[in-house]
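Peer 1: Provided below are the primary sequence and the corresponding predicted coordinates.
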Amino acid sequence: MNNTFVRWNPLRELEEFQNRIRSAFNTTANHRENSNGSSSGPAWMPLVDIMEDEQEYRIAVEIADVNKEDVNVTLEGGMLTLSGERKFEAGREDLRYHRVERPYGGFSRSFALPDDADPESVTADFKNGVLRVRVRKSESAKPKQIQVKVS
């Protein structure tokens, strides 16, 4: 039995609540319909992890069962956009679906690059259902040691 105590942080609960509300609004906003009944936004939003170290920023995007050819990574005006489509395997008469819970259709996520990001260094690779995007930090933004001279 684990008797580890965890310090309670009321701001963490507030942050989780804000994230749930934000997610609900994003989901609602992404499923708005036009007057002709078609969807005006992406059908779903993949989950992302964003992290950094001293050298670079990293974004991991969970997009299982999306073909590499259906993934786009674009950079325009300091905005990194990850988009694509998960296609539904329709038309197979030998399959009878009992439950379909995973979202299908187009997706899009956009992120403003931080000021210290080097837009020329963006790389992306796709493996095991995870898109990994790396953006190196510019050399000029890295901290430098300044020697103090005694006169």
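Peer 2: Received, thanks.

Peer 1: residue ranges with poor pLDDT in this structure?
Peer 2: Scanning the chain for pLDDT under 70 picks out 1-8, 23-41, 141-142.

Peer 1: Which parts of it are helices?
Peer 2: For the chain, applying DSSP state H gives helices covering 10-30.

Peer 1: Quick check, central residue of it?
Peer 2: Geometric centre of the chain, nearest residue: V48, 3.5 Å, by C-alpha atoms, centre = their mean.

Peer 1: and that one, bridged to which residues?
Peer 2: Beta-bridge partners recorded for V48 (DSSP bridges): V61.

Peer 1: need the contact list for it.
Peer 2: 59-62, 82, 109 (C-beta atoms under 8 Å, 6 or more residues apart in numbering). The way it works is simple: take the backbone N, C-alpha and C, and place the C-beta from them, glycine included.

Peer 1: ok, and the most crowded of those residues?
Peer 2: V61 (24 neighbours; other C-beta atoms under 10 Å).

Peer 1: And that residue, how far from W44?
Peer 2: Relative to W44, V61 is positioned 12 Å away (C-beta to C-beta, to the nearest Å).

Peer 1: Can you lay out the contacts of V48 as JSON lines showing distance to N9?
Peer 2: Listed next are the contacts of V48 as JSON lines, based on distance: C-beta to C-beta, whole Å:
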{"residue": "I59", "distance to N9": "26"}
{"residue": "A60", "distance to N9": "25"}
{"residue": "V61", "distance to N9": "28"}
{"residue": "E62", "distance to N9": "27"}
{"residue": "L82", "distance to N9": "31"}
{"residue": "R109", "distance to N9": "28"}
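
Peer 1: between those, which is closest to R102?
Peer 2: Set against R102, the nearest of the contacts of V48 by C-beta to C-beta is E62 (11.1 Å).

Peer 1: Can you verify my assumption that the closest one contacts L82?
Peer 2: No. The criterion here is C-beta atoms under 8 Å, and E62 misses it with L82 at 11.2 Å.

Peer 1: what sits in contact with each of the two?
Peer 2: 46, 48.

Peer 1: Ramachandran angles for the residue nearest to F88 when sequence neighbours are not counted?
Peer 2: Of all residues not flanking F88 in the chain, Y104 sits nearest, at 4.2 Å (C-beta to C-beta, 6 or more residues apart in numbering). Dihedral pair for Y104: phi -130, psi 160, per degrees, to the nearest 10.
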